[in-house]
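Participant: I would like to see how this sequence folds:
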Amino acid sequence: MQLAFNPLNTEDSGYGNGWNMSLSQYMPQTRTLYLYTGEQFVVSSITSQPAVIDEQKLVSFKLYRDDDDNYRVVHKSGQVEHLRVRSSNGKQVALPYRVYAQSGHWIELDYTAPPGITHQCLKSIKDMAGKSLLEVEYVNRDRYNFHVATRANTGPSRATYSVQLTGRDVRKVVLPTQDQGSWRFDYRKDASTQDMNCLKYVATPTGSVETITYDNAGHQLPAGAPVDRLPRVKSHVLAPQGGQKLIETQYTYSAENFIGGNSSVSWAKGKDNLYQAGASYVYSSTEQLVVQDEVVRQIVRTYDRHHLMTRQVTEQLSDVLDYDKADEPEQQWYVTQTTTAYHGNANVEFALQPPYFQLPKQVTEQWRMRHDSTRQRSEVREYGYDDAGNQTLEVQANGVRTVSEYYQPGDNEEDCPPDPHGFVRHLKNRTVYPSPGFEAQPPAPILRTNYRYGRHGSVLPSRQRTLRRKVGEYWLQPKQEKLIELPANAWQPMQTTVRDTTFEYIANPSDSLLHGRLQAQAVVMHGKPEAMTLTEFEYDTLDNSTVLETLQTVIGFDDGEPVEGEAEPRNSTKQITLRQCVLINQPLLNLDDNEVEIAYEYDELSRVTKETVSPREPDYTAWRSYSYTLVAAEGQLARQTEVDVKGVATRAELDGMSRVVKTERHDADAQDEKRKVEFRTNYTADYDVFGNLVKEVQFDWMDEIDPDNPDGPVTRITLELPKTIKYDGWNQQYAEIGADGVMIVERTDLIGSSPSVQAVAVDSPRKEPRHANGPHPGQALADGPQALRTSWKQTPDGKIKGGKTMQWLNTFDHPIEVQRVDTKGKRISRHRYFYDGLGRSVREIDARGATERSVYDVFDRVVDKVLADGSTVHREYAQHSGEDLPTSIAVDGKLLGEQRFDGLDRMIESTTGGRKRVMHYLPGHRQASWVITPRNARIDYDYQPQLGEEPTQRRVSNSELNFRYNPFNARLEECIENGQTVLERDYFSTGKMKVEKRTVREDEPEAKTYIMQYHYSLLGRELAYVDVLGATQLYKYDTKGRLISTELGTTQAQFEYDELGRTKSYVTTDGAQRLGTFLLYDDFDREIERRFELQDEVQVLEQLYDAADALTERHLKTGDGATLRLENYWYDARARLEDYECRGELSPVDHYGKVISAQHFTFDELDNIKHLDTWSPDGTGGEEKDSVEYLFSNPLDPVQLTGITRAGTTVELHYDADGNLTTDEQGRTLTYNALGQLERVDLPDGEYALYAYDPLDRLASQGASAVVAPTEKEQATSSD
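Facilitator: Residues are numbered from 1 along each chain as shown. Predicted structure coming up:
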């Protein structure tokens, strides 16, 4: 329901001049019907049942005259409005008395004549239980109030909207907020408005100010009209405030208009006069966006005689940044044209048009540039409708076709009973056909969803037969939705059922709250009832029936089945409690992604004021609050303040268009208590006249500590990091200039081009390795004009830039070809993608020419992936679900692993290489409560879902580990191992770690604590680190936010960057010692040279890459160019290293002391290295070959290395039940704990090594029998 202004309404209907409530009404004397939707009709014959309305083409409602005082508007949705005649301003008018939902639920409206007003005005709205939803209080002629039932904070309340008038003009609407935020209005009534009362000034509660002017000419009416002209807007100026630009829009119009101006049409009262105009009659309007008297955007809209927009041409001025002219961007006009054809016949009069003639038939969107109309691209969408206006056809621009069919009178009533009001509106089936213009082997599926409906009796008492007949004896709700796959070809098998969903509802008409609500939903996948998921629903009301509580119980398909080794059967159920406020239709209790409860509170405007996590568990309750400030007077700014669980406040300032222009945050980590609650700016934003974000500045607080006094006062430093964003004339972002001054360009040319017209230069042929097996085949090219997205990096002036990457996009907006071209115009790589008719990638040819193929199921999950060497990876999925729950994976028929999921999609078994791991869950929990490993070890976990998905306790063997988290923000604060604290942490308000303490006991009589301290900026830049020995490492940044130096004692490192933001050098010094590393890159940021400058020596490492970015050559040289090591690499079709060659005095040496000059690797389909040949110099100028064969003889685990054969001798490898290696090729014995972590290595000579881990499973210490043990510092910090 709305309070709306219409300058053509010259009456004061009790709400102010030109203002009225959006209520349906019927005027019997003039037979004029006004609907709340804004539609207006003159009834041709009210005595007919239903009434005849000549200008109503689509029967979206039916009007009935029950008697002289009562009328009914029956809407297609099933809503029924009962209009009752009242005397208003001396006229008979039928106003809504009751409005019925299709179920029979109703609200009742009452009216009154306010003091001094002769019109009937809305007084109240109540529901069928008598609860007041809205009351209107008419205080006097200068004020009336709307009292709306709402829910503020913790319970039901009333929100009061106060309408204030001056001279019966509405001047202000005050919202129900403490700040008295308001709408403010002013009017103009003069020659420019044709002496009609029109708005000239609108100030909004968000802070914007709108100013409207009108032209004197106005819209000319046809001859015989009651007035000569109607007012029309000349200009509209929007002042967003908040430092943002004025948005000035100017309007001009054709002599023809929507009321038949400049035509031979004669005025006919109560008719749409334009329908009398000839087929050639069109009218248009031109909208121009003006900046400093210069037009920057123009929109021309053209309409036909049926008020249908047939064409819209948008031209916008903006930069054209071309890669080849990156230093000279040009300003050009971008053009978007939308042309719409309708189902009507232009040469047929209105009365003979089909019912759906005003609905679109074909929409063509075209992109071009004004200065070059020869380059253009179009996309076409098509639509079809039945006589009832239901959409029966949609063909997207990509060719995907959706066909819909609706139940007709006379269809099988078991599938769909007749609509109680005779409408055709219930969907029978919907079929999605893949586009025919894409790859079809295998074909994309044709999917159809069939719908069936059931009858539900009205909640109206059965004794009220007449009322039930008028409102509807029953209504329909879905009882079944069945998704089926249709055969794509005649030779394919018959249709198959993919998913069958059935619904049951509560049938209790005497209980108006529960009747018709969903009671149960059953989902059966692939026609297998044994794989059914059932969801049951229970309901209750709270808080004086203003809150609906829903209890959902999900019952998995395997609930109650026996569990091996357990006395209790499997529990695959979970319960979800939801609460919804029926007054504001907002959730009061919901679940987040971790299924943790979140409660919400709202203010009088239904804005969230508080979010409480785990509200029903006090030990874990955490909250976040929100407060708002609106605008009551011009010049103010709206604000929103958020206070997080730690009490840290962030305040945002918004302009009048509700865009954030500034944020401030408490300096919560300041050492000074007063500063902790001070607001410091951390973000600002600017927008252009098109509404685009064009600049944002992040403020990083780089407060420095004194290295000699880390706990002392800090020096406040604020680093401003601006980012500029650029847009093209289609309002697409095409570039960002970061704080480092580098412009990142990603320009999408919607006109596009064809990949085939680009240069096809390729890399020079590469020599084959000495021991190659033959060349790899190439691939053919493909053509096709498509939208083109080009990306590169450059300096803002365009003088320096990198290579460009070009992506041609299909109509699914997916890339079909990606080419990289260097700055000299040479194509470096070409990668192609092919899709099926549903836009799924089915074939891919990479830059080397290797092809991979993918096959999907109906849920878009990859079933088969054919790799470049022809190997097929096959996956199967859980039968009870359409989610990505793989149950097995095999390569060319060799099984690698299996998984089982329960009815709640939790993994309950995982088998890899024949080793089964079993997971057990507590009822409703998502994480496993205990796990049985393949070697039958049991690992127990405790969780607190309110604190996230990490365990609060882990028990295994003789070890118990407890994790304590902050109850408000769930950050880990303490780890306790076997009753002793071993790890403690403290954090900054941003979540970054502030202090970490580790306690090491081992064999020492007393525990030792090691402390590490960190200092970060607001945005997470590390500023300082104090290690366990008290040494401080400092980090410094330049004005662009880049690390330029680190310092630890006498050791320093300096960093420099090139013009494109890449690390150019880093120089490390320690006293007189110096090591400089200098880097060079190619056009695609691949490192091609690394120069090492030592004290008295220089070395240079050069690198080359192939089209897929794999390293092909690495050349280490002395400063004067002598080769130290030259390495070459070759890869097979699956990008695995196949051949390696090396020469030079620093060639690598294997563990037998032999120099490696070449190697050849042989793989199987599972990525196992089956054979390795290694060549080494034999000392005579020739080479000797050493061959190693790798054995994988475990039939249950085809990727487990079981032996190594060399020179006729085989070394067997052994594993434990968990698959951990227990005896290696050197005869060492390896021992693991229950978690699979290596604990001990025993050498054949009796020596050994020990390993220990911290509570976070990171290696924390190492010990050995025959080597020097690590220092305490190494033990405490080795994981870093």
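Participant: Where do the strands of the stretch 651-800 of the chain begin and end?
Facilitator: Ranges of strands in the stretch 651-800 of the chain, per DSSP state E, counting those that start in this stretch, are 660-666, 679-687, 693-701, 718-727, 733-737, 743-753, 786-794.
Participant: Dump those strands to JSON lines, plus mean neighbour count, mean pLDDT and distance to K804.
Facilitator: Yep, even glycine has a C-beta here, placed from its N, CA and C like the rest. Converted to JSON lines, the strands of the stretch 651-800 of the chain look like this (neighbours: other CB atoms under 10 Å; pLDDT from 0 to 100; distance: least, CB to CB, whole Å):
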{"stretch": "strand 660-666", "mean neighbour count": "20", "mean pLDDT": "98", "distance to K804": "34"}
{"stretch": "strand 679-687", "mean neighbour count": "18", "mean pLDDT": "97", "distance to K804": "29"}
{"stretch": "strand 693-701", "mean neighbour count": "18", "mean pLDDT": "98", "distance to K804": "24"}
{"stretch": "strand 718-727", "mean neighbour count": "17", "mean pLDDT": "98", "distance to K804": "17"}
{"stretch": "strand 733-737", "mean neighbour count": "18", "mean pLDDT": "98", "distance to K804": "13"}
{"stretch": "strand 743-753", "mean neighbour count": "19", "mean pLDDT": "96", "distance to K804": "8"}
{"stretch": "strand 786-794", "mean neighbour count": "21", "mean pLDDT": "97", "distance to K804": "4"}
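Participant: As a markdown table, those with distance to K801 would be great.
Facilitator: Shown next, in a markdown table, are those (distance: least, CB to CB, whole Å):
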| stretch | distance to K801 |
| --- | --- |
| strand 660-666 | 33 |
| strand 679-687 | 26 |
| strand 693-701 | 22 |
| strand 718-727 | 15 |
| strand 733-737 | 12 |
| strand 743-753 | 9 |
| strand 786-794 | 4 |
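Participant: among the ones you listed, which is nearest I828?
Facilitator: When the strands of the stretch 651-800 of the chain are compared for distance to I828 using CB to CB, the nearest one is strand 786-794, at 12.6 Å.
Participant: and the helix or strand just after the closest one with strand 743-753, angle?
Facilitator: As assigned by DSSP states H and E, the chain's next helix or strand after strand 786-794 is strand 804-809. For strand 804-809 against strand 743-753, the angle by axes from the mean of the first three to the mean of the last three CA atoms, to 10 degrees is 40 degrees.
Participant: Direction included, what does strand 804-809 pair against?
Facilitator: Sheet pairing of strand 804-809 (DSSP bridges) gives strand 786-794 (antiparallel), strand 815-821 (antiparallel).
Participant: Ok, which of the ones you listed comes nearest D1058?
Facilitator: strand 786-794 (10.7 Å).
Participant: Off-centre distance for the closest one?
Facilitator: Mean C-alpha position of strand 786-794 versus that of the full chain (CA atoms, centre = their mean, to the nearest Å) differs by 23 Å.
Participant: which helices and strands sit right next to the helix or strand harbouring V1188?
Facilitator: According to DSSP H and E, V1188 maps onto strand 1183-1191. Counting contacts by 3 or more CB pairs under 8 Å, 6 or more residues apart in numbering; DSSP states H and E, strand 1183-1191 packs against strand 1169-1177, strand 1203-1206.
Participant: so of these, which one's packed in deepest?
Facilitator: strand 1169-1177 (a mean of 17; mean count of other CB atoms under 10 Å).
Participant: returning to what we had before: so which of the strands paired with strand 804-809 comes closest to V563?
Facilitator: Closest among the strands paired with strand 804-809, using CB to CB: strand 815-821, at 47.7 Å.
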